[in-house]
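Student: need a structure here:
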Amino acid sequence: MTDIRQCSKLVERSRNLGSGEFFESTRARLIRVRAVTLQRCREAQSRSSKHLVFGLETALKLMCVEVPAEIDVDDLTVVAPDCPSRPQLHGVRSIVWPYELPTLTVDGIACVTPGMTWIMYAGKVGLREMILLGDALIRRDAEQKYYSIGQLESAVTDFLRMTGLRNRNRFQTCTRALKLMHENTDSFPETLLRLALMQHGLPCPQVNYCLELPDGASGRGERLFLDLAYPQACVAIEYDGRQHAWQWDRDQRRLKTIGDAHWVHVAVTSADLCSEQSRAKLAASVVDRLERQLGRRVRTGKTLTLRQLSDPRRTPVR
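Tutor: Numbering: from 1, shown residues only. Model (predicted):
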């Protein structure tokens, strides 16, 4: 993980000349958030005679893990083994975790490891948030990738075995989330896009598919990584976020290159994911592109909830 002292070098902003706004890259934002969180944790520790161990969203921020907005809170969170050990500090909430608590140290501040933090969220948040957070721990970016899916599966199995928990229902969310998580994603919108397509009966698309272009396609050999793809039909589906407003020229060249390779590109925005109606319309649009490319009808399954999609009896989606 990048040292906190490199924050000023990594926090680079690009100006959107059309609106005067700034776009901040995900990595730069995570480094900035960690710096602020680290300062707040040090201040809290200075006010407590107890050794503080920070957990949940605070731990994630200290480790530069992206936190889903739905589970983010402003207060710091500390973890204690029992109620008497809970610190009473303004602006700090404390939770009790009587089980094993592996920790690591970030510039002198103790926090729960990413894997155990993910397990701790089981029972506290919904399946959707567990999938989003799980994907954030297994990103494509090497500096944001803490685990593989196999390592997280092992962590859950080891935790349940060592604790001897009888009531495992609380942690079934972990098992269900693992079934729908995917390694090497780049953002939460990409995860939501993948889930939306699958919930509407489409097979799981390939994530960050590497499109190898021949020398003649763009004047030179080139490789493009597509957010999501159905290679057999040469259909790419990509999420267009705010950053695309200031890289319009580059995106147009990219789209031309994809078209020259005889692929069809489907651009997705936040509006396409904001409601069930818009997600259904998006899925229908993707099906239409698949059918045009394949020259045949594409059959899709019925619309499913995430819980139905993650049913242990269903065939794994990866």
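
Student: when you work out contacts or count neighbours from here on, use the C-alpha atoms and nothing else.
Tutor: OK.

Student: straight-line length of stretch 204-222, end to end?
Tutor: End-to-end distance of stretch 204-222: 26 Å, with CA to CA, to the nearest Å as the criterion.

Student: can you give me the mean pLDDT across it?
Tutor: Summarised as a single mean, pLDDT over stretch 204-222 is 78.

Student: now the strands for the stretch 1-150 of the chain?
Tutor: 13-16, 21-24, 53-54, 76-80, 92-96, 103-106, 109-112 (DSSP state E, counting those that start in this stretch).

Student: quick one, the fourth one and strand 92-96 angle?
Tutor: Between strand 76-80 and strand 92-96, the angle formed by their directions is 30 degrees, by axes from the mean of the first three to the mean of the last three CA atoms, to 10 degrees.

Student: if we can go back for a sec, would you turn the strands of the stretch 1-150 of the chain into TSV with mean neighbour count and mean pLDDT?
Tutor: Putting the strands of the stretch 1-150 of the chain into TSV (neighbours: other CA atoms under 10 Å; pLDDT from 0 to 100) gives the following:
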stretch	mean neighbour count	mean pLDDT
strand 13-16	14	42
strand 21-24	15	62
strand 53-54	24	98
strand 76-80	22	97
strand 92-96	17	95
strand 103-106	15	96
strand 109-112	22	97
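
Student: and these: which comes nearest Cys204?
Tutor: Cys204 sits nearest to strand 21-24 of all the strands of the stretch 1-150 of the chain, at 30.0 Å, using CA to CA.

Student: can you add distance to Arg170 and give the strands of the stretch 1-150 of the chain back as a markdown table?
Tutor: Putting the strands of the stretch 1-150 of the chain into a markdown table (distance: least, CA to CA, whole Å) gives the following:
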| stretch | distance to Arg170 |
| --- | --- |
| strand 13-16 | 42 |
| strand 21-24 | 37 |
| strand 53-54 | 22 |
| strand 76-80 | 19 |
| strand 92-96 | 16 |
| strand 103-106 | 22 |
| strand 109-112 | 19 |
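
Student: wait, which of those strands is closest to Tyr209?
Tutor: Ranking those by their distance to Tyr209 (criterion: CA to CA) puts strand 21-24 first, at 24.9 Å.

Student: which stretches of the stretch 201-318 of the chain form helices?
Tutor: Remark: helices of the stretch 201-318 of the chain, listed N- to C-terminal, are 215-218, 248-260, 276-294, 306-309; assignment by DSSP state H, counting those that start in this stretch.

Student: so what secondary structure elements neighbour the third one?
Tutor: Pointing back at helix 276-294 there. Packed against helix 276-294, as judged by 3 or more CA pairs under 8 Å, 6 or more residues apart in numbering; DSSP states H and E, are the following elements: helix 188-199, strand 235-239, strand 264-268.

Student: quick one: contacts of the longest one?
Tutor: Helix 188-199 has contacts (CA atoms under 8 Å, 6 or more residues apart in numbering) with 68, 132, 135-136, 180, 185, 203-205, 227-228, 238-239, 270, 273, 279, 283, 303-306, 309.

Student: over to the last one?
Tutor: Among residues not part of strand 264-268, those counted as contacts by CA under 8 Å, 6+ apart are 234-240, 255, 258-259, 286, 289, 293.
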